[in-house]
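**Student:** Structural data only, the sequence is not supplied:
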Ligand SMILES: Cc1cc2nc3c(=O)[nH]c(=O)nc-3n(C[C@H](O)[C@H](O)[C@H](O)COP(=O)(O)OP(=O)(O)OC[C@H]3O[C@@H](n4cnc5c(N)ncnc54)[C@H](O)[C@@H]3O)c2cc1C
């Protein structure tokens, strides 16, 4: 056995882990980053980036289909899965190379191999032991499934769905959360017959109900079928197809089933419990400063209960790095983390839903205003519909923003700043939004809540 030492060992080189390592190196710390697969983790190789590349291919397919309508001569001749794959892989490869370069330039020692936590704190990789003053756990998450549903054959996780080298004729998507609606959206644009099954009453059930309903309207219009409030009951598979049965007796035939019912924390078998780390439903227990139950061991990213998003992982990684360096950084509460589903149309939000705001401040204590994108010139030009809904405290700050429509993910930052800085709509109303932009829809909502609507009643 060889022993090494470092200031900090980071276990897992995904969004949370590599962000922590980069910031620690910037702060002059000697960092070891242990990764068993590829730096960049789920987001870069199997999540955010490749799925958004697929969604862009889907957008181009839709644009080709609709081109004639706006006087552009183009036809949609079909999808070439091999070309889509090489486009997607090319993007991931470029980003991966860039990340590897950055990690090496910052002088971070990368150890390839599967690590496990030991008391000390230390991380064991094979016969080697890496001791450090602090250890950061960042081992990420895996696809959950349901009892009686094994991911194999025609039953796919998001990872296998990404790798599918055919455009299927019919797909059933189990789960109407972000991953489910994004894949449903891509497949529909590729010409697939798609049916989503969601156990809760709405698609994207964690979003403001008006966003969920707007997405459901848009999906219905696109021919995406969904069963809401229905549960998976069983599945039968033949060589050529699958039949999914629901708890109300409905049966759905398809070529493939995508299981998108959530992601569990990757914390088993890594020595966490043996080293004294408290777990709750598999997630690492932390306090608000991301300290685990063992001194000098921290946790970031998807293994910490809450929103499983790459940018939350980045923020938590930076936070812990600065905390270790004694900089007393400000906390990053989940409620301030922006959320985007990149489907067609997109759904973006930050802050409280109207229902959460009512619960906190009472129905009389808040005001919500919904601006319809039908009044927004740029949205009309690009052919999208949807809503911008802003929730404010009566005579107080903006509490939440909920947007639906193509490209609205790019608008969420303004609302995020307003919420983070506790701005009142009256503070934002004087700031001019360029015309014609989709951002004007946000401006209109702020103007209306400030009592001076422009293109609205
Ligand atoms: C299909 C899909 C689409 C997504 N789209 C988005 C999106 O658009 N936007 C967004 O914000 N989020 C998205 N996410 C979520 C995002 O990918 C995760 O929130 C993010 O990757 C979490 O970062 P992490 O560092 O916690 O974990 P991960 O990125 O999973 O990284 C963990 C790393 O640890 C390594 N590891 C695990 N165990 C060990 C061990 N014992 N030893 C050494 N290494 C180990 C793994 O190999 C991995 O590289 C998506 C996820 C999926 C699945």
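**Tutor:** Great, that's in hand. Since the model is a prediction, treat every value here as computed from it, not as a measurement. Numbers count the residues shown, from 1 in each chain.
**Student:** ok, how many other residues are close to the residue in the stretch 351-457 of the chain that the ligand sits nearest to?
**Tutor:** Nearest residue of the stretch 351-457 of the chain to the ligand: residue 409, at 9.1 Å (Cβ to the nearest ligand atom). To be clear about C-beta, it is placed using only N, CA and C from the backbone, and glycine gets the same treatment. Applying other Cβ atoms under 10 Å, we find 18 residues neighbouring residue 409.
**Student:** Hmm, residue 342 and it touching each other?
**Tutor:** Yes: look at residue 409 against residue 342 with Cβ atoms under 8 Å: they come within range, at 6.2 Å.
**Student:** Just give the nearest non-adjacent residue to the residue of the stretch 351-457 of the chain closest to the ligand, would you?
**Tutor:** Spatial nearest neighbour of residue 409, chain neighbours left out: residue 340 (4.0 Å); criterion: Cβ to Cβ, 6 or more residues apart in numbering.
**Student:** what secondary structure does residue 9 sit in?
**Tutor:** Of the three states, residue 9 takes strand under DSSP: H, G, I helix; E, B strand; the rest coil.
**Student:** domains of this structure?
**Tutor:** Split into domains by automatic domain parsing, the chain comes to 2-143+264-334, 155-261, 345-449.
**Student:** Make CSV out of these and add mean pLDDT.
**Tutor:** CSV is the format used below for the domains of the chain (pLDDT from 0 to 100):
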stretch, mean pLDDT
domain 2-143+264-334, 97
domain 155-261, 97
domain 345-449, 97
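**Student:** Pipe the ones you listed into CSV and attach distance to residue 457 per row.
**Tutor:** As requested, these are exported to CSV (distance: least, Cβ to Cβ, whole Å):
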stretch, distance to residue 457
domain 2-143+264-334, 30
domain 155-261, 18
domain 345-449, 9
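**Student:** count of residues packed around residue 216?
**Tutor:** Using other Cβ under 10 Å, residue 216 has 19 other residues around it.
**Student:** could you check the distance from it over to the ligand?
**Tutor:** Residue 216 is 21 Å from the ligand, where distance means Cβ to the nearest ligand atom, to the nearest Å.
**Student:** Near the ligand, which residues of the stretch 101-250 of the chain are found?
**Tutor:** In this structure, the stretch 101-250 of the chain approaches the ligand at residues 114, 115, 138, 139, 140, 141, 158, 179, judged by Cβ under 6 Å from any ligand atom.
**Student:** elements contacting the host helix or strand of the residue nearest to residue 409?
**Tutor:** Counting by DSSP states H and E, the element that carries residue 340 is strand 339-341. Counting contacts by 3 or more Cβ pairs under 8 Å, 6 or more residues apart in numbering; DSSP states H and E, strand 339-341 packs against helix 178-189, strand 346-351.
**Student:** I believe the residue of the stretch 351-457 of the chain closest to the ligand is in a helix; please confirm or correct that.
**Tutor:** Yes: according to three-state DSSP, residue 409 belongs to a helix.
**Student:** Give the other helices and strands that the longest helix that the chain contains contacts.
**Tutor:** Across the chain, the longest stretch assigned as helix under DSSP state H is helix 81-105. Applying 3+ Cβ pairs under 8 Å, 6+ apart, one finds that helix 81-105 contacts helix 15-26, helix 41-45, helix 48-66.
**Student:** run the last query once more with 10 Å
**Tutor:** If you count contacts as 3 or more Cβ pairs under 10 Å, 6 or more residues apart in numbering; DSSP states H and E, helix 81-105 packs onto helix 15-26, strand 31-35, helix 41-45, helix 48-66, strand 109-112, helix 158-163.
**Student:** for it, which positions count as buried?
**Tutor:** When neighbours are counted by 16 or more other Cβ atoms under 10 Å, the buried residues of helix 81-105 are found to be 84, 85, 88, 91, 92, 95, 96, 99, 103.
**Student:** With distance to residue 33 as new columns, can those residues be given to me in JSON lines?
**Tutor:** Below are the buried residues of helix 81-105 laid out as JSON lines (distance: Cβ to Cβ, whole Å):
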{"residue": "84", "distance to residue 33": "32"}
{"residue": "85", "distance to residue 33": "29"}
{"residue": "88", "distance to residue 33": "26"}
{"residue": "91", "distance to residue 33": "23"}
{"residue": "92", "distance to residue 33": "19"}
{"residue": "95", "distance to residue 33": "17"}
{"residue": "96", "distance to residue 33": "15"}
{"residue": "99", "distance to residue 33": "11"}
{"residue": "103", "distance to residue 33": "7"}
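**Student:** near the ligand, which residues of the stretch 251-400 of the chain show up?
**Tutor:** Residues of the stretch 251-400 of the chain lying near the ligand by Cβ under 6 Å from any ligand atom: 266, 270, 301, 302, 308, 309, 310, 311, 313, 342.
**Student:** With adjacent residues omitted, what lies nearest to residue 65?
**Tutor:** Excluding the flanking residues, the one nearest residue 65 by Cβ to Cβ, 6+ apart is residue 76, at 4.5 Å.
**Student:** and that neighbour, what does it touch?
**Tutor:** Contact analysis of residue 76 by Cβ atoms under 10 Å, 6 or more residues apart in numbering lists 60, 61, 62, 63, 64, 65, 66, 67, 68, 189, 191.
**Student:** and it, what element?
**Tutor:** Using DSSP H and E, no helix or strand contains residue 76.
**Student:** Give me the phi and psi angles of it.
**Tutor:** Main-chain dihedrals, residue 76, degrees, to the nearest 10: phi -100, psi 110.
**Student:** I'd like the distance from it to residue 22, if you could.
**Tutor:** Counting by Cβ to Cβ, to the nearest Å, the gap from residue 76 to residue 22 is 42 Å.
**Student:** Over to residue 323?
**Tutor:** Using Cβ to Cβ, residue 323 is found at 15 Å from residue 22.
**Student:** tell me which of the residues of the stretch 101-250 of the chain next to the ligand is nearest to residue 282?
**Tutor:** Closest to residue 282 out of those is residue 141 (9.6 Å), distances taken as Cβ to Cβ.
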